[in-house]
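>>> What would the 3D arrangement of this be:
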Amino acid sequence: MSKSVFSIDALSHEPTDKRMDILRLIGATGSISEAARRASVSYKAAWQAVHTLTNLAGVVLVDRAVGGAGGGGAQLTPAGEQLLDAARQMDAARRDVLARFSGGVAQALPGAGLRTSMRNNLPCRVALLMTSTPNDPMVRVGLTLPHGGQITASITRESAELLGLQPGLAVLALCKATALRISADTETRPDAATARSAANSLSAVDSTNAISGKVSRLSRGLLRDEVVMTLPGALQLVGFAKHPNRLRAGSKVRALLEENAVVLALV
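Reported below is the predicted structural model:
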């Protein structure tokens, strides 16, 4: 095989969503609209997939013919074909490695391969998808944590389509430590019925996630303190608490996290 003419970063999405599938379908059908239909995503989402892969690859992957008697079409460039070939080989190698392991180790491998500056990675399952109107470009994704609790992420409709989000799907919820605002947890909790009602009503759910836990480690700073908090099931989150505060190891705390600061990834 000749030397790659694309950036290897374009393969970073291969195990996680539909982007590479859409590229394959464009090559097979010669049509972006048909590729979108077969991948069960919107035409706009299919173009988003092409744009994302093109940005990552650093070269043009799809040539598009506009207009004409047949309404135009699309075909892969040599770089697009080469990217697909590399993706097929990487997928075969990945399957071979995973086949050698079983149980928790194999389940942890995909998530362990993520390279990101985000220090917070929470395993979750999709509980529900919410939109305020049928044509709303934003989707609010309700997520449940393994040992109780829930958070919400706000993402674009196209991203939800490309990830294939649906209730029950396992995902990782990622966020930067700098996005978590931690303070002492002194507020009273709503009863279970109130919490369920709020979770099922778009108008009742705030755009800020409130996550409760206990301080397990505290690093003092001049302007703010870095706090490692433990959630049920030994999950940990890292965030920052402003001065002044009286936090110490064992303190009950609450982390506030905006929905639009939560990034979703498939595992």
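>>> gap between the two ends of stretch 27-34?
The straight-line separation of the ends of stretch 27-34 (CA to CA, to the nearest Å) is 11 Å.
>>> which residues are in contact with it?
With CB atoms under 8 Å, 6 or more residues apart in numbering as the test, stretch 27-34 has contacts from 25-26, 35, 38, 43, 46-47, 50, 62, 64, 73-76, 80-81, 84. Where you see a C-beta, it was placed from the backbone N, CA and C, and this is true even at glycine.
>>> Please list only the buried members of the residues you listed.
Buried subset of the contacts of stretch 27-34 (neighbour count, 16 or more other CB atoms under 10 Å): 25-26, 35, 38, 46-47, 50, 62, 73-74, 76, 80, 84.
>>> Include secondary structure when you put the residues you listed into a markdown table, please.
As requested, the buried ones among the contacts of stretch 27-34 are exported to a markdown table (DSSP: H, G, I helix; E, B strand; the rest coil):
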| residue | secondary structure |
| --- | --- |
| Leu25 | helix |
| Ile26 | helix |
| Ala35 | helix |
| Arg38 | helix |
| Ala46 | helix |
| Trp47 | helix |
| Val50 | helix |
| Val62 | strand |
| Gly73 | strand |
| Ala74 | strand |
| Leu76 | strand |
| Gly80 | helix |
| Leu84 | helix |
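>>> Hmm, which of those residues is lowest in pLDDT?
Across these, no position has a lower pLDDT than Gly73, which has 87.
>>> ok, now which ones touch that residue?
By CB under 8 Å, 6+ apart, the residues touching Gly73 are Gly30, Ser31, Arg64, Ala65.
>>> do Leu25 as well
Residues near Leu25 by CB under 8 Å, 6+ apart: Glu34, Ala35, Arg38, Ala39.
>>> thinking again about what came up before, who wins for most neighbours among the contacts of Gly73?
When neighbours are counted by other CB atoms under 10 Å, Ser31 leads these with 20 neighbours.
>>> Report the separation between that residue and Gly73.
Between Ser31 and Gly73 the computed distance is 6 Å (CB to CB, to the nearest Å).
>>> cool, and Ile155?
30 Å.
>>> again, but for His51
18 Å.
>>> For this structure, which residues score under the pLDDT cut-off?
When residues are selected by pLDDT under 70, those of the chain lie in 1-17, 66-72, 97-116, 187-206.
>>> one more time with 80, if that's ok
Counting by pLDDT under 80, the chain contains low-confidence ranges at 1-17, 65-72, 91, 93-117, 186-206, 267.
>>> State the distance from the residue nearest the centre of it to Ser159.
Centroid-nearest residue in the chain, with CA atoms, centre = their mean: Leu264, separated by 1.5 Å. Between Leu264 and Ser159 the computed distance is 8 Å (CB to CB).
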